[in-house]
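1. need a structure here:
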Amino acid sequence: MTLDLTRRSLLKFMGGAAAGAVLSPLPWKLLDDASIWTQNWAWLGRAPRGPVSHRHTTCQLCPVGCGLKARLVGTSFVSAWPVPGHPAGDGRLCPLGLAAAQMRYHPARLRAVAERDLGSANPTWRIVDADDALGRLGRRLADCRNQGAQARVAVVDLRPGRALSRQYREFAARQGGLYVTAPDAWQASAAAFGGLLATSATTTAPAPAPVPDPARARTVLNFGAPLTRGWRGRALKPHADGGPLLIHIDAAATTTAARADRWLPIRPGAEAPVALALAHVLVFEALASDARAVALADLPHAGGATLRTLLADFSPERVAKGSGAPADALRGIARELAVGRPSLVLGAGDAGGGPLGLEEESAIWVLNLLLGAVEPGGALAARPAENALFDEPAGPTARALADVPDGSLDLLLVDGSFPGAPVSAEQLRRKLRGPDGQVVALAPYAGGAAGTPADILLPVFAPGEWVDDVPTPALSDRASYAWTPVVAAPAPFALHPAEWLARLEAASGLPAAAGSGPAGHEAELKRRAAVLQARGRGRVFTPADGASADVTALGDADALAAALADGACWTDKADVAIADRDLRPLGVAGDLPARWRALAAGREGAPSPGAAGALLLLAGGGLAGAAGSVTAPVLNKLYRESGLQPGSRQLAVCATTARELRLAEGATARLTTPHGRRHVRIRLDNSLPEGVVRLAAGPDPADLGDPSALQGDRTDIPDLCGAAERPVWRLVRADLQEARDGNA
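-> Numbering: from 1, shown residues only. A predicted model of the protein is given here:
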């Protein structure tokens, strides 16, 4: 018997089968079962049930420390809301803070002690026994400690000034090691201000911290700092509504430039000579007419030099040739600053590109001095340094990460806080002595500034799960202090950072020290509250009722501690006077004039010897607010799909440059610098000069904190720009060519 299968019979069979399938209950039953299953499978997130309540705390996701109102369903922290009237952030929350509830469930969250071998072909994380890892680290600490004077251990504190910072310093001292910080753009700017203050030889008191207050100025000149959300969390009122006239100087047409009253485009790296050209006009046109400014210009320096003699070489006509800014525009801005006093000049640049540079920041501060910004009624004041504010006992002096010799450490312990600015992973690893050196991170995530370069990860609590403190942010317009009360149950697989320090000390053979562990951290928090109460200065904002009262009205230190534990924030006005004799416009160290002259033509990106670079890569912008940390998944998705923020794989290029390189909008290209390479996608931006490309620093939206997105492809913007080799890395020479073998 044979089967005679014709085309007609085949179509009839298929039609009947389709009709039968529709009429049969089987496929619908399968769909129904699949639907029920997918709604109940173990991976599906379930909405919590229970009474709705709220707790007040402080955001830990950047140094500003905005007030945060946590919404809880039962005991689950489900969403974050701003606190109206809160002194930090003007009662607002940025996208990072609004997504804070997600950080406890981040895909990169650590759930156990993890280790990897970065020297292997596949350096993946593996879970290891905590006691075994502590034992090995303890033996290494003991060996380093027993080596004597040569420090082989360092602790890197990414958020200095906290109560936990004191425990980091004391841990480093007991281990015979170093206490190290990695200054961000704001901290570097404040340090440059300190370099212009002559301190007495008979005192060891730290230099006071500068306090710029744009709200007190009639005219604000801004060198590249992103002001779309205000200055250090404080909103800037538009000029049309009674706020200051905002003049923005930047190489790119950023959002701040678009919102400014005036934008002066300059060539990348020309900030120092432009600031000195403005100072030249103030001095030589006698616009700095008050006696104090005149005296500063003629104050003798080493070898009899004065600021006036130095500024003679920085006329607007000479600076215009290298900066791209017309001489008439420079003279006009200087005159406008003089007439529109009180005036304020802001530095820091785009924090996403790292520090602006000592030379640039010093020139900007000198410009403020010549404008009389530190005079009574001016827009620049000073406050005590953080350790002076809290009467901290003497401890190891902090060293900048850049000042630690490469190849000098056996063990590097990194604090995993959110720094709010980029930190170079390669710079951390270069400090290790040989292949046996290790980076150990106290971090909640396998990514970010601490987790990316680490060999061993010790899991700590996520933001919202432990009580930290938030000291005054650098360059804030007032002194402030707050705690971060717990709003979510601490994860059972994580430990308090102070607990890890205590266990490491015990594993290294040291007896338990007074003030160590979580109890010591809590005691230091309360001691700080007691110091503030004893000073009797400042006001306390209580978020529950939105009211502020003098700190003396709280009665005693326990009352202030209780208020801070409920989310209160203490603030105080700046009150440190700066006398004429304290100011040294040519700097205290003595080499500042020579450094300024070396940058007379502007700062260029310096490639390695023999390396070619037809383009100038400008780093910064976009996701810079989250740089150095991992970002909430919802923000990764939002930025990736909406284009609201340029991702760190989107390279901005002007149309002329793109046409010369035969690259179209959206094309995938390979960006190569002397320090690495990165796959990027082309985004046309005609605000950029020809030959200049711009890349946002920050976490990669495609990898959710995974430090290895593509094999052999740089995912760390600071390292791509050479941050491990030079302190100012926002400019670097680069090459760009189309790539058909990678996705950006």
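
2. now the helix or strand harbouring residue 679: mean pLDDT?
-> Assigned by DSSP states H and E, residue 679 belongs to strand 676-684. Strand 676-684 comes out with an average pLDDT of 90.

3. For it, C-alpha coordinates in CSV please.
-> What follows is strand 676-684, C-alpha atoms only, in CSV (Å, rounded to 0.1, in the frame of the first residue of the first chain):
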residue,chain,number,x,y,z
GLY,A,676,43.8,51.1,26.5
ARG,A,677,40.9,50.7,24.2
ARG,A,678,37.1,50.7,24.3
HIS,A,679,34.3,49.9,21.9
VAL,A,680,32.0,52.9,21.6
ARG,A,681,28.9,54.0,19.6
ILE,A,682,29.2,57.3,17.7
ARG,A,683,26.9,60.2,18.8
LEU,A,684,27.0,63.4,16.8
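
4. So which other helices or strands are in contact with it?
-> Contacts defined by 3 or more Cβ pairs under 8 Å, 6 or more residues apart in numbering; DSSP states H and E place strand 676-684 against strand 650-653, helix 655-660, strand 668-673, helix 717-720. In short, each C-beta sits where N, CA and C put it, glycine included.

5. Could you say which one of the ones you listed comes nearest to residue 331?
-> Ranking the helices and strands packed on strand 676-684 by proximity to residue 331 (Cβ to Cβ) places helix 655-660 first, at 30.0 Å.

6. what sits up against the closest one?
-> By Cβ atoms under 8 Å, 6 or more residues apart in numbering, the residues outside helix 655-660 that reach it are 615, 664-665, 682, 684, 686, 688, 690-693.

7. among the residues you listed, who's most crowded?
-> Most neighbours among those, by other Cβ atoms under 10 Å: residue 693, with 25 neighbours.

8. who's it bridged to?
-> With DSSP bridges applied, residue 693 shows beta-bridge pairing to residue 617, residue 653.

9. Isn't it up against residue 661?
-> No. Contact criterion Cβ atoms under 8 Å: residue 693 and residue 661 do not qualify, at 9.8 Å.

10. Can you check the pLDDT for the closest residue to residue 401 other than its chain neighbours?
-> Leaving aside its sequence neighbours, residue 401 sits nearest to residue 182 (Cβ to Cβ, 6 or more residues apart in numbering; 4.4 Å). pLDDT for residue 182: 92.

11. Touching, residue 182 and residue 399? I think so.
-> No. With contacts counted by Cβ under 8 Å, residue 182 stays clear of residue 399, the gap being 10.4 Å.

12. which one of these two has more residues nearby?
-> More crowded of residue 182 and residue 399, by other Cβ under 10 Å: residue 182, with 24 against 15.

13. okay, the top helix by length along the chain in CSV with CA atoms only?
-> The longest helix of the chain (DSSP state H) is helix 517-535. Provided in CSV are the C-alpha atoms of helix 517-535 (Å, rounded to 0.1, in the frame of the first residue of the first chain):
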residue,chain,number,x,y,z
GLY,A,517,34.3,46.8,66.1
PRO,A,518,30.7,48.0,65.6
ALA,A,519,30.5,49.0,69.3
GLY,A,520,33.5,51.3,68.8
HIS,A,521,31.9,52.8,65.7
GLU,A,522,28.7,53.5,67.6
ALA,A,523,30.6,55.1,70.4
GLU,A,524,32.4,57.4,68.0
LEU,A,525,29.1,58.5,66.4
LYS,A,526,27.8,59.4,69.8
ARG,A,527,31.1,61.2,70.7
ARG,A,528,30.7,63.3,67.6
ALA,A,529,27.2,64.2,68.6
ALA,A,530,28.4,65.2,72.1
VAL,A,531,31.1,67.4,70.6
LEU,A,532,28.5,69.3,68.5
GLN,A,533,26.2,69.6,71.5
ALA,A,534,29.0,70.9,73.7
ARG,A,535,29.9,73.6,71.1
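
14. Make residue 1 into 42 and carry on from there
-> Will do, 42 is the new start, and the previous item becomes helix 558-576.

15. Tell me the buried residues in that helix?
-> Neighbour counts over helix 558-576 (16 or more other Cβ atoms under 10 Å) mark 558-559, 561-562, 565-574 as buried.

16. Domain map for this structure?
-> Using automatic domain parsing, the domain parsing of the chain gives 93-146, 155-218+437-567, 230-426+621-639, 656-779.

17. With distance to residue 600 added, can I get the ones you listed in a markdown table?
-> A markdown table is the format used below for these (distance: least, Cβ to Cβ, whole Å):
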| stretch | distance to residue 600 |
| --- | --- |
| domain 93-146 | 17 |
| domain 155-218+437-567 | 12 |
| domain 230-426+621-639 | 23 |
| domain 656-779 | 34 |
